[in-house]
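I would like the atomic coordinates for the input below:
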Amino acid sequence: MRAWPLLLPLLLAACGDTLIARYAETAWTEAVERVATPLEDLPEPGGPALRLWIRGRPAAAVLLQEIGERRIWRTAAGQVVSTEGGRVTATAGFRQYVAATHFDGPDPLANPSELLGHPAAARRLVDLQDPDGGPEGMRFGLALDCRLRAEATEDAEILLVRESCRSRGRFGFTNLFWVEAAGGAVVRAEQWIGPAMPMLVMEFLSPAS
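Numbers count the residues shown, from 1 in each chain. Purely as a prediction, here's the structure:
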């Protein structure tokens, strides 16, 4: 029994980074789920705002929480989207949730200008769950193998990044990101948010909009 106090610091040192990363991801996912409740009085967007379309139906979302590049957005109906940069990493309030997203290496979308003429591969694992949280609706570690490439558009200030993904031959999809050529900020996107969901269209709005 006396060995445990001696071993514990060694174990924490060996896996501390992993534990911290897991805790941070879990805390963020719980924050997304916690705010997925309908509200009658969302605050007026005094800062960045997000416009969403699901099956052509528009909804406005306001920024509720921000930590670095991570942001949590919510609509009045309780639909919640977590983004990192312009990419959706978690959702709640839909008929299927993206519980978490884990990249195996850096996300090429962070540097879209480098994708002009130089496509890049990326692999990520996605956790899914149903709204009731039952074990039968949970899918952990769904592997997505993707390839990203950028192309010019009619607007010289905007690039279009196409991200083609497959899940081990079971299904495939293509995400679209319209990004600023200079800074790389995503201004509009069409993204996959689960095999049981239609594509989510998002438009990032400045305070002036």
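
give me the contact list for the longest strand along the chain.
For the chain, the strand reaching the highest residue count under DSSP state E is reported as strand 139-152. For strand 139-152, the external contacting residues (Cβ atoms under 8 Å, 6 or more residues apart in numbering) are 108-109, 112-113, 115-116, 119-129, 159-168, 179. Where you see a C-beta, it was placed from the backbone N, CA and C, and this is true even at glycine.

what is the burial count for P198?
The number of residues packed near P198 is 14, by other Cβ atoms under 10 Å.

from G137, how far off is it?
18 Å (Cβ to Cβ, to the nearest Å).

E154 now?
43 Å.

ok, these two, which is more surrounded?
Under the neighbour definition other Cβ under 10 Å, E154 and G137 were set side by side, and G137 has more, 14 against 5.

find the nearest non-adjacent residue to the more buried one, please.
Setting aside the residues directly before and after it, G137 is nearest to D130 in space (Cβ to Cβ, 6 or more residues apart in numbering), at 2.9 Å.

which stretches in the protein count as strands?
In the chain, the segments counted as strands under DSSP E are 49-54, 57-67, 70-75, 80-84, 87-92, 97-103, 120-129, 139-152, 158-166, 172-180, 186-191, 200-205.

could those strands go into TSV alongside mean pLDDT and mean neighbour count?
Output for the strands of the chain, formatted as TSV (pLDDT from 0 to 100; neighbours: other Cβ atoms under 10 Å):
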stretch	mean pLDDT	mean neighbour count
strand 49-54	91	17
strand 57-67	91	14
strand 70-75	93	22
strand 80-84	95	23
strand 87-92	96	23
strand 97-103	93	21
strand 120-129	95	17
strand 139-152	96	16
strand 158-166	97	18
strand 172-180	97	18
strand 186-191	97	19
strand 200-205	94	19
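
list the contacts of R87.
Applying Cβ under 8 Å, 6+ apart, we find R87 in contact with T101, D107, L109, F177, V186, A189, Q191.

I'd say G194 and Q96 touch.
Yes - look at G194 against Q96 with Cβ atoms under 8 Å: they come within range, at 4.2 Å.

which one's more surrounded, these two?
When G194 is set against Q96 and neighbours are counted by other Cβ under 10 Å, the residue ahead is G194, at 20 against 17.

and the more buried one, what does it touch?
Residues in contact with G194, defined by Cβ under 8 Å, 6+ apart, are T91, F94, Q96, Y97, V98, L128.

any idea how far L52 is from T101?
Separation of L52 from T101 (Cβ to Cβ) stands at 18 Å.

and if you look at E136?
Distance, E136 to T101, by Cβ to Cβ: 22 Å.

same question for G141.
Note on G141: its distance to T101, by Cβ to Cβ, is 11 Å.

now list whatever residues contact both of those two.
Joint contacts of G141 and T101 (Cβ under 8 Å, 6+ apart) are L125, V126, D127.

for the residues you listed, which one is nearest L64?
Nearest to L64 among the shared contacts of G141 and T101 is D127, at 21.7 Å by Cβ to Cβ.

give me the beta-bridge partners of the closest one?
When bridges are called by DSSP bridges, D127 pairs up with A100.

wait, doesn't it sit right on T89?
No - here D127 does not reach T89: they are 10.6 Å apart, not a contact under Cβ under 8 Å.
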